[in-house]
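> The following comprises the amino acid sequence and a computationally predicted model.
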Amino acid sequence: MALGNFTAQSSVRKVQLATCLLDWVGLIAAFNIVYKSRLGAYRPDYLLQYDLLYIGALMTVVFYIFYLYTPNTKVIGLKRPVRAWLATAALGALIALEIYLFAGKAAQEYGRGVLLGALFMFASWASLIRIWIDRVDRSVVNRVRWLVIGDLNYLEQLWSDHQRSGLDSGLQFLTPDGKTHQDLPIGGSYSHLDQWLDRKWTGIVVATDYELPSDMTEKLLNARIHGTRIYDMTDFYSEIWQKVPVLFLNRSWLVMTEGFRLLHNPIGLRIKRVMDILLSLLLLPVAIPLVVLASVAILIETGFPILFRQQRTGLHGNEFTLIKLRTMVQDAEKDGAQWAKVNDSRITKLGSFLRKSRIDELPQIFNVLKGDMSFIGPRPERPEFNKDLEKIIPHYSLRHIVRPGITGWAQTLYRYGASAEDARKKLEYDLYYIKSYSIWMDLVVVVRTVRTMLFGAGR
C-alpha cells in the first residue's frame, strides 16, 4: 500500500491504530499463555471476556497518557520502549488499586501470579513492538510529498510552519513566475504544472486568493478524479496540524465553512455547562487538600498573599476575576503588565513546580462553578493584552465566543505563550477547537492535560 496515496496525518493515524491493535493482540496472548502455563488448562472464554476487555481499555488509556501512541516522541529523556515498561507498571498499579482498595471484581479471576506474569510478558512485547514501529516510522511514515501551488506570501508562511512542525516530509512549490526565493523549494512556475503532476503526491495544496487559470483548474480536477487529494490552505492546516491559519482567513470562509456547531447548539452548550459543574464537584474533594498544602508551602517560602487575583477577558469579551495560587514573587508587576517568559526570574522555586503540575490552576475550579470559565476552552487573556492583540492579529476576538478554559486544545499542543506571535499561534489552535468541537475532543484534551501534569510538558 503506497504511502503516497494518503495524507501525512492519516499515515500517522494508521501507524497509531496498528500499534494499538498489536498491543491488544499482545495483551490477550500474554494473559492466555500465562494462564495456561500456570494453571495447566486453557479456557476459551478467557480469550475476550469482560475482565480482559476492561484491562485492555485501561491499558490503551495509560499508554496514550505515556505518549506511547505518538511516533518518535521522547518524554523526560526516555524513549518509547522504556516508557512501555513504566506504563505497564502503572497499569499494574491501577489494576491492584481497583482490586484491593475498591473491591473491584475485574481481573480478580486471573489471580496475582497470572497478572504479574502476563503484565511482564506484555511489557516485553510492547517494548519490542515500539522498537520495530520506530524503525518503520523513520523509513515510511514521514516519507510524504506535497505539491504546493500558490502565492509567495502563502508559501513563506507554510514553509515556516512546516519547518517548526518537525515533519520530515517533502514540499515542492510552484509560483506564478517560478522565481527562486531564499531557501524555498520552488520547482518552477505554473507553466511547469504538467511535469510535476506526472509524479505521485501525498496531496496537492492550492494556496492563493486568486482564481487559478481555467487550464490549471482542469488539470487539478483530473488529478483529483484519479485519486490525488486537493486541499486549500485552511483545510490543509486543519487536517495535518489541527489548527486554522488565521493570517489567511477571510470572512467568506468563516461564513461558509462547516463546523462551529457549538455556537448554534444551545443543548450542546448546556450539556457542556452541566459537565463543567459535575466535574468541578467531583474534583473539589481532591483539589481542596492540595490547595491547602500548596498554600502552606507558599506562605513558608514567600509569605502573603497566597492567592493571585487578576482581571481576564471571558465570554463575549466580559471581564472577570481569575483566581490562582501565587507562583511569582511579590510585586512581580510593579512596573506594569508584562508577558510571562520561559525561565522567568519572577517565578519562585515552588511556583515553578506548581505551574508544571498545574496545581496553581486548581482555585479556578471556583471560576468554573461561578460560570466565568469552562474546564476546556481558550486560555483567558488579560484585557490590556487583548486590546493590542486584537489590533495586530486577524479575527482574534473570535476566541471570546466561547467560555475560556482552565486547559484547552491550544494549551496542550503549543508551548507557553510569551509574545504576540505565540498568541497568534495559540489562536490557530483555539479556532480549530471551536470549529471542530465535540465531547470526544474534550475527552482528548483531558487526557492530554493529565499527561502534561505527569511529565511537566507544555504549559
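That came through, no problem. Predicted model only: the values in this text are computed from it and were never measured. Residues are numbered from 1 along each chain as shown.
> Need the three-state assignment for I204.
strand (DSSP: H, G, I helix; E, B strand; the rest coil).
> And for it, the neighbour number?
Residues near I204, counting by other CB atoms under 10 Å, number 22. The C-beta positions use only the backbone N, C-alpha and C, and glycine is treated the same way.
> Kindly report the same for Y396.
The criterion is other CB under 10 Å. On that basis, Y396 has 21 neighbouring residues.
> Tell me the spacing between P185 and T234.
Separation of P185 from T234 (CB to CB, to the nearest Å) stands at 22 Å.
> Was I right to think L22 contacts L128?
No - the pair L22 and L128 fails to qualify as a contact (CB atoms under 8 Å) at a distance of 9.9 Å.
> For those two, work out which one has more neighbours and name it.
Neighbours were counted for L22 and for L128 using other CB under 10 Å; L22 has more, 17 against 14.
> Pull the contacting residues for the more buried one.
L22 makes contact with I129 under the criterion CB atoms under 8 Å, 6 or more residues apart in numbering.
> coming back round to it: quick one: which of P185 and T234 has more around it?
Legend: neighbour count by other CB under 10 Å for P185 and T234, higher for T234 (19 against 12).
> In terms of helices and strands, where is the more buried one?
Element membership for T234, per DSSP states H and E: helix 233-241.
> Which helix or strand lies directly C-terminal to the helix or strand of the chain with the lowest mean pLDDT?
Of all helical and strand segments in the chain, the minimum by mean pLDDT, DSSP states H and E falls on helix 251-256, at a mean of 70. Scanning forward in sequence from helix 251-256, with DSSP H and E defining helices and strands, the next element found is helix 266-302.
> Only the buried residues of that next one, if you could.
Residues of helix 266-302 classed as buried by neighbour count (16 or more other CB atoms under 10 Å): L269, K272, D276, L279, S280, A287, V291, A294, A297, I298, T302.
> Check the spacing between the third one and L299 real quick.
Between D276 and L299 the distance is 30 Å, computed by CB to CB.
> for I401, same thing?
Relative to L299, I401 is positioned 39 Å away (criterion: CB to CB).
> same thing with H400?
Using CB to CB, one gets 35 Å for the distance from H400 to L299.
> before we move on, what about T88?
When distance is defined by CB to CB, T88 is 40 Å away from L299.
> thought V446 was touching G408?
No - shown here, V446 and G408 do not form a contact pair, counting by CB under 8 Å, at 10.7 Å.
> Find residues that contact each of the two.
Between them, V446 and G408 share the contacting residues I376, judged by CB under 8 Å, 6+ apart.
> Neighbour count: those two, which is higher?
G408 (26 against 14).
> Just read off the phi/psi values of that one.
Taking degrees, to the nearest 10, you get phi -180, psi 180 for the backbone angles of G408.
> For the closest residue to Y437 other than its chain neighbours, give its distance to T449.
In space, and not counting its chain neighbours, Y437 is closest to L262: 4.4 Å by CB to CB, 6 or more residues apart in numbering. Look at L262 and T449: by CB to CB, they are 19 Å apart.
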